[in-house]
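Peer 1: Okay, predicted coordinates and the sequence, questions at the end:
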Amino acid sequence: MSQSSFETISIVGLGYIGLPTAAVFASRKIKVIGLDVNQHAVDTINRGQIHIVEPDLDMVVHAAVHEGYLRATTKAEPADAFLIAVPTPFKEGPTGPHHPDMDYIESASKAIAPVLKPGDLVILESTSPVGATEQMAAWLAEARPDLTFPQTHGEDSDIRVAHCPERVLPGHVLRELVQNDRVIGGMTPKCSDAAVSLYKTFVQGECVITNARTAEMCKLTENSFRDVNIAFANELSIICDKLGINVWELIKLANRHPRVSILQPGPGVGGHCIAVDPWFIVSAAPENSPLIQSARQVNDEKPKWVIEKVKIALATYLIDHPEKRASDVIIGCYGLAFKPNIDDLRESPALNIAEQLREEFKDNVILVEPNIASDSHNGVSLESISKSLLESSIHVLLVKHRQFRPELFSSINKKYIIDSCGILEEST
Ligand code: SAJ
């Protein structure tokens, strides 16, 4: 299939992945119809604006809408290729609380099924459990018995189906969409070829072909690898604290070995990917994934450890200042986002720690998040860095935002600083 076979592309799910992908296709002068259940998102996009935060995306969407290449709707319309980029969270299920939730993929499949026609390509981009692409194809086939699908008709099917997982890093989405290699898992070789020709309209990286199940597992493996590596760093940070060793220096030294590359400890692992995707492997093979499960546990428990450190620092402060009572002591929390230099609070361990501290110490906990424009979060006012430096006695460093320069904290006694993310280690 040549590039020109795709005159119209429909992107289903206009979130953190779908919207940038829609905008990039549209910037290549391909007609893109964005489909989303969220009327507010659809209206915002049709005004040429965006409802999510991602550098430079506003410009690209604005141009795409005003040049007439991108349009959003809540009702499916015919297209030559459909790209599904909806969330895959977890829910309570037979394997426990972390069972993959396929409801959004099912609704998306049922939404596009009525408008499919012979020759169309359907791609699942959402991070998915192994077998999800076959399941999606089964839902499509059930809804459209008049069309043939790869699971029954192989290379001769009317509809081609593939899994091509997204792998872009929030904050760098527009660059990574174009430059990253893509894993293309077609249900048949013809499905893969069709998907490659679609992505080649803008992907400069290599499009590497495999089958759908391997592509699904590949995406889960990438995020699990990162989770396990971060868990190792987090475990080391707790061990080093006990042994009086600076973990940041230790990791820097160990990483000088040509075959060692340890990631950085932090207050825990957040976001909607690394803390979720490993569970899709666990729920498929609970008996065979002790390492992946332990990593999840280590990372999920890190906030608790940070809170314990805050309480120890508070106790030390009160011993050092017998004239004060706990109710006099202000605790400053620096950073709420799930990682540095973004405003995204989803599954953020920093936010979780700050909220738990507020529950216990109420208004004595002040929050600083320079990346959030609003002056409050959930009714709690957000303070400036300078106010917190002035008023707080305990300083909890939670996110290594560029605004939290190490020298700001240089005159504060280290006993009263909990540096969970290595801000004080300039060159880490
Ligand atoms: N973190 C650490 N230490 C580190 C690196 C990260 O504690 O050394 C923490 C962060 O602070 C954050 C969490 O891990 O809380 C996740 O952040 P991240 O930057 O590692 O990843 P995400 O969730 O923003 O994006 C990941 C990426 N996956 C990989 O790098 C393997 C991205 O490429 C994927 O597309 C994305 O997940 C996704 O959508 O799945």
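Peer 2: Received, thanks.
Peer 1: Point out where the chain drops to low pLDDT.
Peer 2: Residue ranges of the chain with pLDDT under 70: 1-4, 426-428.
Peer 1: Recalculate using a threshold of 80.
Peer 2: Flagging of the chain using pLDDT under 80 yields the residue ranges 1-5, 95, 426-428.
Peer 1: gap between the residue lying farthest from the centre of it and the ligand?
Peer 2: In the chain, residue 323 marks the outermost C-alpha relative to the chain mean, sitting 46.1 Å out by Cα atoms, centre = their mean. In this structure, residue 323 lies at 38 Å from the ligand, with Cβ to the nearest ligand atom, to the nearest Å as the measure. In short, each C-beta sits where N, CA and C put it, glycine included.
Peer 1: What of residue 168?
Peer 2: Separation of residue 168 from the ligand (Cβ to the nearest ligand atom): 5 Å.
Peer 1: Phi and psi next, for that residue.
Peer 2: The main-chain torsion angles of residue 168 are listed as degrees, to the nearest 10 and equal phi -80, psi 150.
Peer 1: burial of it, as a residue count?
Peer 2: As a burial measure, residue 168 scores 19 neighbours (other Cβ atoms under 10 Å).
Peer 1: wouldn't it be in contact with residue 17 here?
Peer 2: Yes - under the criterion of Cβ atoms under 8 Å, residue 168 is in contact with residue 17, at a separation of 7.0 Å.
Peer 1: The ligand contacts on the stretch 151-300 of the chain?
Peer 2: Where proximity means Cβ under 6 Å from any ligand atom, the interface of the stretch 151-300 of the chain facing the ligand comprises 166-170, 222-223, 226, 230, 263-264, 266, 269-271, 273-274.
Peer 1: at 5 Å instead, please
Peer 2: If contact is defined as Cβ under 5 Å from any ligand atom, the residues of the stretch 151-300 of the chain in contact with the ligand are 167-170, 222, 226, 230, 263-264, 266, 269-271, 273-274.
Peer 1: which among those gets closest to residue 23?
Peer 2: residue 168 (12.7 Å; Cβ to Cβ).
Peer 1: which ones are touching the closest one?
Peer 2: When contacts are counted by Cβ atoms under 8 Å, 6 or more residues apart in numbering, residue 168 touches 17, 20, 176, 177, 180.
Peer 1: Nearest residue to the third one in space, please, no chain neighbours.
Peer 2: Excluding its sequence neighbours, the residue lying closest to residue 176 (Cβ to Cβ, 6 or more residues apart in numbering) is residue 168, at 4.0 Å.
Peer 1: what's the answer for the second one, then?
Peer 2: On the basis of Cβ to Cβ, 6+ apart, the spatially nearest residue to residue 20 that is not a chain neighbour turns out to be residue 173, at 4.6 Å.
Peer 1: Please work out how many residues are found near the one you found.
Peer 2: Using other Cβ under 10 Å as the criterion, the residues surrounding residue 173 number 23.
Peer 1: unless I'm mixing things up, it is touching residue 18, no?
Peer 2: No - in this structure, residue 173 sits apart from residue 18 without contact. The criterion is Cβ under 8 Å, and the distance is 10.9 Å.
Peer 1: can you pull the buried residues of the helix or strand residue 97 falls within?
Peer 2: With elements taken from DSSP states H and E, the one containing residue 97 is strand 96-100. Using 16 or more other Cβ atoms under 10 Å as the burial criterion, the residues of strand 96-100 that qualify are 98, 99, 100.
Peer 1: strand partners of it, parallel vs antiparallel please.
Peer 2: Strand 96-100 sits in its sheet next to strand 90-93 (antiparallel), going by DSSP bridges.
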